[in-house]
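J.: Next one to model:
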Amino acid sequence: MNNAKLYMPFQALKGYEEAIKKAAKEKTPRRILLEDREESINYFLNNLNLNDLVRIIYYNKDNYLLKRGIVFKIDRSKRYLLVNNIKIAFKDIYDIEVLE
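T.: Okay, the predicted model is just below:
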């Protein structure tokens, strides 16, 4: 009997590792904003202040991410904000909410 087989890692689910890798590579297409949502986001951005605590959903490369943090910078001319040192372009924002 080959003792090496006794120490091989056990894989309970065949193909599980490959499925995890595939799921990690899947892309979420960017959603088109409806006019009322876009107006709502613009309203929040116009009334946003430094040090506001926000919850923001934004598109980052291939997926949407949820971030909660403090607004450190608002650059209205270059159209981006800095939330916890993450630069988020206005065009990538899907939803934003000021928390209290």
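
J.: Can you list the helices and strands that the helix or strand containing Val71 packs against?
T.: Here Val71 sits within strand 63-75, counting by DSSP states H and E. For strand 63-75, the packing partners by 3 or more CB pairs under 8 Å, 6 or more residues apart in numbering; DSSP states H and E come out as strand 53-60, strand 80-83, strand 86-89. C-betas here are computed from N, CA, C, even on glycine.

J.: Just the CA atoms of that strand, as CSV, please.
T.: Written as CSV, here are the backbone C-alpha positions of strand 63-75 (Å, rounded to 0.1, in the frame of the first residue of the first chain):
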residue,chain,number,x,y,z
ASN,A,63,-18.2,44.8,-10.0
TYR,A,64,-20.2,46.9,-7.7
LEU,A,65,-18.8,47.5,-4.2
LEU,A,66,-20.3,48.8,-1.0
LYS,A,67,-18.2,51.2,1.0
ARG,A,68,-19.0,53.0,4.3
GLY,A,69,-16.7,55.7,5.4
ILE,A,70,-15.7,59.4,5.9
VAL,A,71,-15.6,61.8,2.9
PHE,A,72,-12.0,63.2,3.0
LYS,A,73,-12.1,65.1,-0.3
ILE,A,74,-14.7,66.3,-2.8
ASP,A,75,-13.3,67.5,-6.2
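
J.: For burial, what's the neighbour tally of Val83?
T.: Other residues near Val83 come to 23 when the count uses other CB atoms under 10 Å.

J.: Would you mind confirming that it is in contact with Phe72?
T.: Yes. If you go by CB atoms under 8 Å, Val83 and Phe72 touch, sitting 7.0 Å apart.

J.: hey, which of the helices and strands packed on strand 63-75 is tucked in deepest?
T.: strand 80-83 (a mean of 20; mean count of other CB atoms under 10 Å).

J.: Three-state assignment for Asp36, please.
T.: Following DSSP: H, G, I helix; E, B strand; the rest coil, we place Asp36 in the helix state.
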